[in-house]
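Chemist: Show me the folded form of this:
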Amino acid sequence: MHFLIFIAIYAYFAYSLQVIAEKTKTKDTWLAWIPIANLYLMAKIAKKPGWWLILLLIPVVGTILWLLFGGRLPRLVTSQVGWGCL
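Modeler: Prediction:
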């Protein structure tokens, strides 16, 4: 049962990231469905260099970058920053 919930949440996250990538006209939107590659895709959507993927994998630094992405990604799609909290 827990596995199905995990799959549902992951599918929602991957689909949402793919839609954001399509709206920002980022190439390789299919990377949203691959576990580590989706971090690379998020860096590309936020217009950050690809080597930020390494920083995202460091525990404390990764948390800070997640917060930065959370504020940056909604601004690229809409003008409302509050959507980053969701």
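Chemist: give me the element the most centrally placed residue in the chain is part of.
Modeler: With distances taken as CA atoms, centre = their mean, the residue of the chain nearest its centroid is Met42 (4.0 Å). Taking DSSP states H and E as the definition, one finds Met42 inside helix 37-45.
Chemist: Please identify the buried residues of that helix?
Modeler: Going by neighbour count (16 or more other CB atoms under 10 Å), the buried part of helix 37-45 is Asn38, Leu39, Tyr40, Leu41, Met42, Ala43, Lys44, Ile45. The way it works is simple: take the backbone N, C-alpha and C, and place the C-beta from them, glycine included.
Chemist: who touches the first one in this structure?
Modeler: Read that as Asn38. Going by CB atoms under 8 Å, 6 or more residues apart in numbering, Asn38 touches Phe13, Ala14, Leu17, Leu31, Ala32.
Chemist: Of the residues you listed, which is the nearest to Thr24?
Modeler: Leu17 (10.7 Å; CB to CB).
Chemist: related to what we said a few turns ago, pLDDT averaged over the helix holding Met42 - what is it?
Modeler: Regarding helix 37-45, the rounded mean pLDDT is 87.
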